[in-house]
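Chemist: Structure of the sequence below:
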Amino acid sequence: MEMNGLSKMAATAFLLVVAIVPAAMAVTYTVGDAQEWSSGVDYTDWVKGKTFRVGDILVWRTFASSVSGIWKGVGAVFSPITAEMEPLEIGKKNESLYDCYTLSRIEALPSPGESSSVIQRKINWVTFNPHGEFFQNGDVLVDETGLLPKFESFNLKASDVMEEDSMGDEPGLVYFEDGSYSRGPVAIPVGEMSESNYYLTPTFKFEQCLVKGCHKRLRVVHTIEFANGGADIQIMRVGVYEEQWVSPSNYEDQSNNDAPLELKPFSQRKRTQPSELTGSWKVFEVSATPIYGEEDLDQSGETTPYVYLCTEALKRRNLPESSGSFGDEEMVDMQDVSVMWLPGGVTAYVDVKEDGVLCVGIGWYSDEGINLVMERDYGLDGNLKEVRSNTEVKRRWTEEPK
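Modeler: Take a look at the predicted model:
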C-alpha cells in the first residue's frame, strides 16, 4: 500500500562532500582555463602529483551563465508592519507611484587576476500606478481595459538606473546551478555594545532569488537593521521583483520589442491565503552549511566552503485551529511565524525561533500546487548557520488519510 511506504519514509539524506584543499599543500590549476592548456597535447604525465580544483570553478560558471541575460520584470515594495504596498516614488504631479517595470542587463565578465568571473548587473526602472493595490482598494476597480501603461510604452533603456552592482564568488553567497541564490552577510553583529560603537546600527540587505522553469524568477530583498548588538531587529524595507528572461546579454538591441512582458504588476494580483498552504507536502530540500576556519572570513576575502545535504521528507502545515498528522510528517503551525502574505503567491518572513536562530525566508506559491522556498539561518553567535532551498509539492488526495 502507498500509505505503508509513506509511513516508513524518513528524511533520506545524500551527503555531497566538498573537497577543501589548503593553498599551502599544492599549486592549484584551473581546469577549463585556456591560458595554460593547448589542444592536441597529452597531459597524462604532466597532471601526476598536481592538485586541481574542478567543482567550484565549473559550478560558478554554470550559475553565472544561468543568471546572465536580459530580464524584464515588475516590482513593488511592501510595509514590513502591515504588508501593504508602499509608494516607490513621488511622481511629477506629486502623486505616489506604487508599481515599477524593470529592465536588467546581467553578464559575467572576467575578473582581473582571478580565475573566476564577476557577475555585473545594471537595472533600469520606471514607476507608475498612482492608484495603489487594486485588490485592497474598494474604490478602484481591477483594470481590464489598459488603464495602466504597458511595459512596451516606456523606453526602459533610457530610464533611471535603479541599481548597478557586481557579484563575485563571495562569502555569504550561496548559489545553485538553476540560478537561484541567497545573498547576505556571512555574519551579523551580536553581543554587548562597547562605548566606542554604541551608536552604530548596522543595516544589511538580504537578497534571495527563486527560479521557476528557468526563464522566470522571483527576487525578494529584505533590508534589516540590527541595533543594540543584535538585540533589536527592525525590518526597514521589503522589495519584491518578478522577472522573465528575454535574451542573452549580447542581444540587448532586441530586448525591448520582440518579447512582450507577460507579468502583471503586483498591484493587479491576488494575495495567497494561508489556507492554500495547508495540508500535506512532499519536500525536496538542498541545504548548504558553511565550514568556518580559524581566520576571520570577513577580513580574509576568501570564499566560504559549504557542505551540501539533500533530503526528501513529508511536511504538513496546519492552521492554528486544526490538528492531526500521519506517518512521519513534520508538523508546522502556521501561527508560529509572522508571514507577510504578498500578491502573486509571494510570502516573506523574518523570524527568531525558540532556540534563538534568526531565519530570513521567502516563498513562491503557484496554482499548480508547487511552493518554492529559500531560507537563511543565523546562529546565536551571529554567523551564517545554514541556507535551505526547498521545492514543496502538494499532496493531492482523493480522500484525506486517517
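Chemist: Could you double-check that Val67 sits in contact with Ser104?
Modeler: No. Taking contacts as C-beta atoms under 8 Å, Val67 lies outside contact range of Ser104: 9.6 Å. To be clear about C-beta, it is placed using only N, CA and C from the backbone, and glycine gets the same treatment.
Chemist: nearest residue to Glu95 other than its sequence neighbours?
Modeler: Sequence neighbours aside, Pro130 is the residue nearest to Glu95 in space, at 4.2 Å (criterion: C-beta to C-beta, 6 or more residues apart in numbering).
Chemist: quick one, phi psi at that neighbour?
Modeler: phi -90, psi 0 (degrees, to the nearest 10).
Chemist: Contact partners for it?
Modeler: Gly91, Glu95, Ser96, Leu97, Tyr98 (C-beta atoms under 8 Å, 6 or more residues apart in numbering).
Chemist: and Val59, how many neighbours does it have?
Modeler: 14 (other C-beta atoms under 10 Å).
Chemist: Grab the nearest non-local neighbour of Phe266.
Modeler: Using C-beta to C-beta, 6+ apart, the nearest residue to Phe266 is Ala76, at 4.0 Å.
Chemist: Helix or strand: which one has that neighbour?
Modeler: Assigned by DSSP states H and E, Ala76 belongs to strand 69-78.
Chemist: go on, Val393?
Modeler: strand 384-394.
Chemist: what comes up buried for that strand?
Modeler: Judged by neighbour count using 16 or more other C-beta atoms under 10 Å, the buried positions of strand 384-394 are Leu384, Lys385, Glu386, Val387, Arg388, Ser389, Asn390, Glu392, Lys394.
Chemist: For my notes, please list those residues in CSV and give distance to Glu368 and pLDDT for each entry.
Modeler: Shown next, in CSV, are those (distance: C-beta to C-beta, whole Å; pLDDT from 0 to 100):
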residue, distance to Glu368, pLDDT
Leu384, 32, 96
Lys385, 32, 96
Glu386, 28, 97
Val387, 25, 97
Arg388, 21, 97
Ser389, 18, 97
Asn390, 16, 96
Glu392, 12, 96
Lys394, 9, 90
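Chemist: Filter the contacts of Pro130 down to the buried ones and hand me the ChimeraX line.
Modeler: Under the burial definition 16+ other C-beta under 10 Å, those of these that qualify are selected in ChimeraX by:
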select :96,97,98
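Chemist: Sort out for me which of the contacts of Pro130 are in strands.
Modeler: If you go by DSSP state E, these have Ser96, Leu97 in strands.
Chemist: can you redo the contacts of Pro130 as CSV with pLDDT and distance to Asp377?
Modeler: CSV is the format used below for the contacts of Pro130 (pLDDT from 0 to 100; distance: C-beta to C-beta, whole Å):
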residue, pLDDT, distance to Asp377
Gly91, 88, 40
Glu95, 93, 41
Ser96, 94, 36
Leu97, 95, 36
Tyr98, 96, 32
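Chemist: picking up where we left off before, parallel or antiparallel, list what pairs with the strand holding Val393.
Modeler: Using DSSP bridges, the strands paired with strand 384-394 are strand 279-290 (antiparallel), strand 370-378 (antiparallel).
Chemist: Between the ones you listed, which one is closest to Asp160.
Modeler: strand 370-378 (28.7 Å; C-beta to C-beta).
Chemist: Give me the residues contacting the closest one.
Modeler: 180, 182, 184, 187-188, 206, 208-212, 218, 277, 281, 357-365, 384-394.
Chemist: for that strand, what is the average pLDDT?
Modeler: Strand 370-378 shows a mean pLDDT of 97.
Chemist: May I ask which helix or strand of this protein has the lowest mean pLDDT?
Modeler: strand 12-16 (a mean of 39; mean pLDDT, DSSP states H and E).
Chemist: and Ala348, bridged to which residues?
Modeler: Applying DSSP bridges, one finds that Ala348 bridges with Met340, Ile362.
Chemist: Might you report the residue contacts of it?
Modeler: Phe78, Val220, His222, Val238, Val240, Val339, Met340, Leu342, Gly361, Ile362, Gly363.
Chemist: can you tell me which residues contact the nearest residue to the second one once chain neighbours are set aside?
Modeler: Using C-beta to C-beta, 6+ apart and skipping residues adjacent in sequence, the residue nearest Val220 is Ile362, 4.3 Å away. By C-beta under 8 Å, 6+ apart, Ile362 lies in contact with Gln208, Leu210, Leu218, Val220, Val346, Thr347, Ala348, Tyr349, Val373, Met374, Glu375.
Chemist: Give me the buried entries from those.
Modeler: Looks like the contacts of Ile362 have Gln208, Leu210, Leu218, Val220, Val346, Thr347, Ala348, Tyr349, Val373, Met374, Glu375 buried, using 16+ other C-beta under 10 Å.
Chemist: any idea how far the fifth one is from Val220?
Modeler: To tie it back to what came earlier, the one meant is Val346. 7 Å (C-beta to C-beta, to the nearest Å).
Chemist: Also Asn155?
Modeler: 27 Å.
Chemist: Please, where are all the strands along the stretch 151-300 of the chain?
Modeler: 160-167, 173-175, 181-183, 203-212, 216-227, 232-247, 279-290 (DSSP state E, counting those that start in this stretch).
Chemist: All the helices of this protein, residue numbers only.
Modeler: Using DSSP state H, the helices of the chain run over 2-7, 55-67, 297-300.
Chemist: And these, which one averages the lowest pLDDT?
Modeler: helix 2-7 (a mean of 42).
Chemist: before we move on, back to that, identify the contacts common to Val346 and Val220.
Modeler: Common neighbours of Val346 and Val220 (C-beta under 8 Å, 6+ apart) are Val240, Ile362.
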